[in-house]
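**Q** Turn this into a structure:
(2 chains)
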Amino acid sequence: MALVLNEEQQMLKESAQGFLAEFAPLAELRAQRDAGSETGYADSLWGQMVDMGWAAILVPEAYGGLEFGHVGMGQIVEQTGRTLTASPLFATAVLGVTAIKGAGTEEQKTELLGAIAGGEITTALAVDENAHHAPAQISMTAVKQGQGYSLNGAKRFVVDGGTADKLIVAARTSGEAGDIKGISLFVVDATAAGIEVERVAATDGRNYANISFNQVEVAEAALLGEEGQGFKALSATLDAGNIYLSAEMLGMAQESFERTLQYLKERKQFGVLIGSFQALQHRAADWWSQIELCKSVVLKALQAMDESHKRVPALASIAKAKLAEVAELSTNEAIQMHGGIGMTDEYDIGFFIKRARPAQTLFGDNSYHTDRFAQLSGY
Amino acid sequence: MVSKNRAKATSGYALCSLMHLTIFTIALFPVFVNAQPPESCQCLWQGSFNAIVKHSDFIASGEVITTKGNSIEGGTSEVQLNVIAKNILGLG
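**A** Numbering: from 1, shown residues only, chains lettered A, B, ... in the order given. Below you'll find the model as predicted:
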């Protein structure tokens, strides 16, 4: 398939651009931070996004969604990278929808996907338990008890963990940490007895949490899909997550590049524009070339998800590995080329590095995905 | 000392002409590539080129050897960066 957007996808991209420029520009992030916001976004913002149908883009039509596809959703997420907009879009409309769509029973899909599309609930995916991303290393337990399960364990760095209505929790019903088999997914009410939520402060000012589960009793209906078979859906959800994080980082890379390029054409030093120095020209040209590559890998990965291509896992790792690398390059170069003033809070350019670092690391960094790609390729 | 160096140079020359002879032989009697990659791979070879160079034909070897030259022909990476900076990014 050609690496281009069709007319509808292009229109969605432009409408997202217009909406975010008006309601969630970078100045809004600064305002939220200064106000000490717990979530990193204004409460009304998510409502507006739901009204525009963004929560329903990945939900199939049969469950009340728009079924517009990943390439379209990718354009929106890319734009949120340009404006550094925080919202439940990633944790709910991407991770929540993908997990439920992939693992849920017919009743669960009807109930939960419809509620997400309508903006009635938000979700958070609780996977990692240690400092590094390792989805197979889950040791949190779910023990069958009467008509339900009892959950025990702790999850770290859960995106939107402090605000979501439903937690999608990966726990072990059999086997040991490291086994792919024996992992089950559960949908748990965030208010259930025994759940303790501790907010985690991160450089991007977004809403992360460490969550502990102490004898949390859930009904059998909370099990998403089949017992012990959750890893496949979890893995597909993480692939989607990584591709959308890549799309977001692509937006960040492009925006920080464009802002820096503009600065090179304005800032004078030694009586001339700094953009006239070959040392900076070469760095800018190399940076631009890297971003061009990134556009292709992200679009290819989004298209592959729409086609349910068998290479989605490999493409997800290619995209995440490359974009983590280029997001790091972009945010470093942006500050370097701005010089000392790039370090000040007065300039917006510093916000990009603060969001890029958590986005690079979440669900596996460059090293993790380079290694995963090698393993998937038979090395 | 001088004679030692000369001896080295002579043996180096001998090695060099031996290599030429090998390449010549390969060119004259095309060796069939026995490191055939599987069809699904759609590539000339798999793995390190060093490992299969003995079995590759003259054209494939030449192809690999000239890539270094190709990277300079038409402008080195520095020249290309200048072109991008001036014509795409509008700098300078």
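
**Q** thought A:G275 was touching A:Q262?
**A** No: using Cβ atoms under 8 Å, A:G275 is not in contact with A:Q262, being 9.5 Å away. In this view, the C-beta of every residue, glycine as well, is placed from N, C-alpha and C.

**Q** Between the two, which has more neighbouring residues?
**A** Taking other Cβ atoms under 10 Å in any protein chain shown, A:G275 and A:Q262 do not tie; A:G275 has more neighbours (23 against 11).

**Q** Excluding sequence neighbours, find me the nearest residue to the more buried one.
**A** Nearest residue to A:G275, sequence neighbours excluded (Cβ to Cβ, 6 or more residues apart in numbering or on different chains): A:L264, at 3.5 Å.

**Q** Neighbours of that neighbour, how many?
**A** Neighbour tally, A:L264, other Cβ under 10 Å: 23.

**Q** Next, find the distance separating it from A:E8.
**A** Distance, A:L264 to A:E8, using Cβ to Cβ, to the nearest Å: 36 Å.

**Q** Next secondary structure element downstream of the helix or strand of chain B with the lowest mean pLDDT?
**A** Every helix and strand in chain B was compared by mean pLDDT, DSSP states H and E; the lowest is helix B:2-28, with a mean of 46. Proceeding N to C from helix B:2-28, the next assigned helix or strand is helix B:49-52, under DSSP states H and E.

**Q** Any buried residues in that following helix, and which?
**A** B:I52 (16 or more other Cβ atoms under 10 Å in any protein chain shown).

**Q** does any part of it sit near chain A?
**A** No: no part of helix B:49-52 sits near chain A under the criterion Cβ under 8 Å from any Cβ of the partner chain; the closest distance found is 15.5 Å.

**Q** got the residues of chain B near chain A?
**A** So chain B meets chain A at B:E78, B:Q80, B:L81, B:N82, B:I84, B:A85, B:K86, B:I88, B:L89, B:G90, B:L91, B:G92 (Cβ under 8 Å from any Cβ).

**Q** Count the residues that sit near the second one.
**A** Burial of B:Q80, expressed as a neighbour count using other Cβ under 10 Å, amounts to 15.

**Q** List of residues touching the helix or strand containing it?
**A** Element membership for B:Q80, per DSSP H and E: helix B:77-83. Residues outside helix B:77-83 that contact it (Cβ atoms under 8 Å, 6 or more residues apart in numbering or on different chains) are A:Q278, A:Q281, A:H282, A:A285, A:D286, B:S71, B:G75.

**Q** among the residues you listed, which one has the lowest pLDDT?
**A** pLDDT across these is lowest for B:S71, at 85.

**Q** Now do the same contact list for it.
**A** B:S77.

**Q** phi, psi of it?
**A** The phi and psi values for B:S71, taken as degrees, to the nearest 10, are phi -70, psi -20.

**Q** rewinding a little: which residues does the residue nearest to A:G275 contact?
**A** Counted by Cβ under 8 Å, 6+ apart, A:L264 has contacts A:L273, A:I274, A:G275, A:L280, A:A284, A:M337, B:L91.

**Q** One more: A:W46?
**A** Applying Cβ under 8 Å, 6+ apart to A:W46 gives the contacts A:S87, A:P88, A:L89, A:G119, A:T122.

**Q** Just the buried ones out of the residues of chain B next to chain A, please.
**A** Buried among the residues of chain B next to chain A by 16+ other Cβ under 10 Å: B:L81, B:N82, B:I84, B:A85, B:L89, B:L91.

**Q** my read: the fifth one touches A:R283, true?
**A** I take that to be B:L89. No: under the criterion of Cβ under 8 Å, B:L89 makes no contact with A:R283, lying 10.9 Å away.

**Q** Next, show the common contact partners of the two.
**A** Common neighbours of B:L89 and A:R283 (Cβ under 8 Å, 6+ apart) do not exist.

**Q** Over to A:T39. Which of the three states is it?
**A** coil (DSSP: H, G, I helix; E, B strand; the rest coil).

**Q** For the residue nearest to it when sequence neighbours are not counted, give me phi and psi.
**A** Of all residues not flanking A:T39 in the chain, A:N207 sits nearest, at 4.8 Å (Cβ to Cβ, 6+ apart). In terms of degrees, to the nearest 10, the main-chain angles of A:N207 are phi -100, psi 100.

**Q** isn't A:N207 right up against A:D160?
**A** Yes: between A:N207 and A:D160 there is a contact at 5.5 Å, judged by Cβ under 8 Å.
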